[in-house]
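> Attaching a predicted model along with its sequence, questions to come.
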Amino acid sequence: MLNVLIPIDFSKTSYSAMSYAIEFQKEFNFSITCLHAYNKNRPKRRVEKFKTHFPFEFKLELIAGDLFSGFESYEARNKIDLIIMGTKGAQGIKKLFKGSNTSNLMLQTNTPILIIPEDTHYESLNKILWASDFKPLINPNSLDLLKKIALSTDSSIRIAHVKTSNKKTNPHTKTEKRWEDKYFGREIRHSFKKIRKSSVSKGIKFYLDHKDDNNLLVLIRREHGFMDKLFRKNHSEEFARSPTLPVMIIHE
């Protein structure tokens, strides 16, 4: 069974992340551990309130210190397959790329992170949008979690590439398409889409606006990859205006 970790601070975003995870768990089997780091007194009342609100089977770890040292300590002792974190709507998506706990955690771990916008309710993952640069992956196993999720939820994967210039087609495009066809095979329904826009963020936003039935957006985090462009201020602000849906960050 896969192990999912949910860092919580007992805020509304924490409740949203936990609610999403519980519904997601019905389609994709995994165990849940909630992690809370505290600096002063143990939050007994908030812990009891949280447990009462979610009368389901899950573990709760309380660690003295800040989130990042607490996470580092927990990760050193436990296997984590996925991290689920909540964020505050459009503003939270913007902060996802600029100085938030989530963005800092992305730099600290190679574990995939699923970001849940506040007030997002779980919808069966029928359509997954993977925003790809079509470049070969150094570690193809990075996609194993995505493949498991798609198989378990019977989802189709839309592989979208944003072309931002009029230059000739990237030679990786055809190679990667063949590789992806081979990787997903006939087990997983998948399709390819090229989008021409002036920026990656505009391309993703355009596709999400015109294909509003996507249930999850997947981004691959790699050094000097197209996702790094989203961390630039103007692009992250454009992206923040996209429809709010769960975003999964997978490290190469």
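That came through, no problem. Numbering: from 1, shown residues only.
> what stretches of the stretch 51-200 of the chain score poorly on pLDDT?
89-103, 166-178 (pLDDT under 70).
> pLDDT at the nearest residue to I220 once chain neighbours are set aside, what is it?
Of all residues not flanking I220 in the chain, I250 sits nearest, at 5.4 Å (CB to CB, 6 or more residues apart in numbering). For every residue, glycine as well, the C-beta is placed using N, CA and C. At I250, the model reports a pLDDT of 89.
> show me what contacts the closest residue to N214 other than its chain neighbours?
Once flanking residues are discounted, N214 sits nearest to L129: 4.4 Å by CB to CB, 6+ apart. If you count contacts by CB atoms under 8 Å, 6 or more residues apart in numbering, L129 has them with I157, R158, A160, Y207, L208, K211, N214, L216, L217, V218.
> and the last one, how many neighbours?
The local packing count at V218 equals 24, with neighbours defined by other CB atoms under 10 Å.
> Parallel or antiparallel, list what pairs with the helix or strand containing it.
Assigned by DSSP states H and E, V218 belongs to strand 216-221. Applying DSSP bridges, strand 216-221 is found paired with strand 127-131 (parallel), strand 247-251 (parallel).
> Let me have those in JSON lines, extended by distance to M106.
Output for the strands paired with strand 216-221, formatted as JSON lines (distance: least, CB to CB, whole Å):
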{"stretch": "strand 127-131", "distance to M106": "16"}
{"stretch": "strand 247-251", "distance to M106": "6"}
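> so of these, which one's packed in deepest?
strand 127-131 (a mean of 22; mean count of other CB atoms under 10 Å).
> continuing past it, what's the next helix or strand?
Next along from strand 127-131, by DSSP H and E: helix 144-153.
> tell me which strands and helices that following helix is in contact with?
If contacts are counted by 3 or more CB pairs under 8 Å, 6 or more residues apart in numbering; DSSP states H and E, helix 144-153 sits against strand 127-131, strand 156-163, helix 172-184, strand 247-251.
> Y20 is nearest to which of those?
Comparing those against Y20 with CB to CB, the closest turns out to be strand 247-251 (12.0 Å).
> chain center to the closest one: distance?
4 Å (CA atoms, centre = their mean, to the nearest Å).
> That one to helix 144-153, inter-axis angle?
140 degrees (axes from the mean of the first three to the mean of the last three CA atoms, to 10 degrees).
> CA-only coordinates of strand 247-251 in CSV, if you can.
What follows is strand 247-251, C-alpha atoms only, in CSV (Å, rounded to 0.1, in the frame of the first residue of the first chain):
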residue,chain,number,x,y,z
VAL,A,247,-1.9,20.3,-9.3
MET,A,248,0.6,17.4,-9.0
ILE,A,249,4.3,18.2,-9.0
ILE,A,250,6.5,15.3,-10.0
HIS,A,251,10.2,15.5,-9.7
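> ok, and what's touching that strand?
93, 96, 106, 109-115, 142-143, 145-146, 216-222, 227.
> Could you tell me which of the residues you listed count as buried?
Buried by 16 or more other CB atoms under 10 Å: 93, 96, 106, 109, 111-115, 142-143, 145-146, 216-222, 227, out of these.
> Select, out of the helices and strands packed on helix 144-153, the one closest to F192.
Judging the helices and strands packed on helix 144-153 by CB to CB, what sits closest to F192 is strand 156-163, at 5.1 Å.
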